[in-house]
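Q: Model the structure of this input:
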Amino acid sequence: MSALRVIGYIAAAIFIFFGVLFIWGAFGSTPHPEWILVGVISVAIGFGLIWLASRNQAKGAAVGNNITYKIDLPSTTRVEQMKCRNCGGSLKADNVKMIAGAPTVECPFCGTTYQLTEEPKW
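A: Residues are numbered from 1 along each chain as shown. The predicted structure is shown next:
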């Protein structure tokens, strides 16, 4: 839960608490009918803050689903020297993507897609 959401819920609780106190105090030994209006406005602001905080939470959940993969190629691999297995065309770093958790190359010239594999060094 973000700090802004927590602050929103705390502020809402304070508004609702004091709104209820104003409404309750309006019916005391000396009536104060104007306090009813202040109390109702305060309670409405409190419920509005709760609605805004919960609405903000739903938006944050949808945004947080981005996953970034970083491809760590061996130190001997130079991207500008990579060639397509099928047509021999020069490949760039933009042609390497992560698909199903594996580094995959898509050739812009012939359209061939294949998985990068590291050959043994012996």
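
Q: Low-confidence ranges, this protein, go.
A: Low-confidence segments of the chain (pLDDT under 70): 1, 56-67, 69, 71-81, 118-122.

Q: all helices in it, in order from the N-terminus.
A: 3-26, 33-63 (DSSP state H).

Q: mind listing what the residue lying closest to Ala13 once chain neighbours are set aside touches?
A: Nearest residue to Ala13, sequence neighbours excluded (Cβ to Cβ, 6 or more residues apart in numbering): Gly46, at 7.1 Å. The C-beta positions use only the backbone N, C-alpha and C, and glycine is treated the same way. Contacts for Gly46 (Cβ atoms under 8 Å, 6 or more residues apart in numbering) come out as 11-16, 19.

Q: Show me the domain layout of this structure.
A: 3-63, 67-122 (automatic domain parsing).

Q: Pick the most buried one from those domains.
A: domain 3-63 (a mean of 14; mean count of other Cβ atoms under 10 Å).

Q: Could you give the separation of that one from the chain centroid?
A: Its chain's C-alpha centre and that of domain 3-63 lie 27 Å apart, by Cα atoms, centre = their mean, to the nearest Å.
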